[in-house]
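> Generate a structure from the sequence data that follows.
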Amino acid sequence: MMQDFTEVLSSYSRGNKSALDKLVPTVYKELRKIAYKHMKSERQEHTLQATALVNEAYMKLADAELNLENRKHFFALASNIMRRILVDHARSRKSEKRGGGQGLVELEEWHAESVDSNFDIVEIDSLLKKLSEFDERAGKIFELSVFGGLKRLEIAELEGISVATVDRELRTSRAWITSRLKH
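Next up is the predicted model:
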């Protein structure tokens, strides 16, 4: 199955857009898990559901011209696209209702030391972009961990670095973002 997955990704990366359709039956369950992880941190009355999030992410993947390297790269990218969809959705809702907490997310695992762990996903996205401007690796590791749901070992393998480096970059990026969040 892993060989088939890699072959299909390779075909897709060479321009065969229909190759992605072959992956859907095999990856849909995992994409739903990623979507549920993203949706878990959204407000309960969120109008976008996990299934719609997966479908929208799939459409964006299908329309893009990407060079996908492997299974982990595919899922990291899918997670990133889902985060972008949620950020865009939150921005849209905020502009409609002028704030009111529409884009709040709870990052209990990431920000456990805080009394109030609800932050605006748009603000976190903005800070992540700023972090990535001056420390691209730290930004990518933070994104893969917090938004992509990848484990430390998976990130280390994907990035070709040690787990200790992943841990160090996560501590640094969390501290940097935490210090700049508006409470």
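> contacts for stretch 134-150?
Around stretch 134-150, the neighbours that count as contacts under CB atoms under 8 Å, 6 or more residues apart in numbering are 33-34, 37-38, 72, 75-76, 79-80, 82-83, 107, 109-110, 128-129, 131-133, 152, 154-155, 158-159, 161, 166, 169-170, 172-174, 176-177. Quick note: C-beta positions are derived from backbone N, CA and C, even for glycine.
> Break the protein into its domains for me.
The chain breaks down by automatic domain parsing into domains covering 1-99, 107-183.
> Mean neighbour count for those - can I get that in JSON lines?
JSON lines is the format used below for the domains of the chain (neighbours: other CB atoms under 10 Å):
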{"stretch": "domain 1-99", "mean neighbour count": "16"}
{"stretch": "domain 107-183", "mean neighbour count": "17"}
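> same for the host helix or strand of Ile81, what does it pack against?
Assigned by DSSP states H and E, Ile81 belongs to helix 71-97. Taking 3 or more CB pairs under 8 Å, 6 or more residues apart in numbering; DSSP states H and E as contact, the helices and strands that helix 71-97 lies on are helix 2-13, helix 19-40, helix 50-63, helix 121-134, helix 152-159.
> for those helices, which one sits closest to Val87?
helix 121-134 (4.6 Å; CB to CB).
> could you check the angle helix 71-97 makes with that closest one?
Between the axes of helix 121-134 and helix 71-97, defined by axes from the mean of the first three to the mean of the last three CA atoms, to 10 degrees, the angle is 130 degrees.
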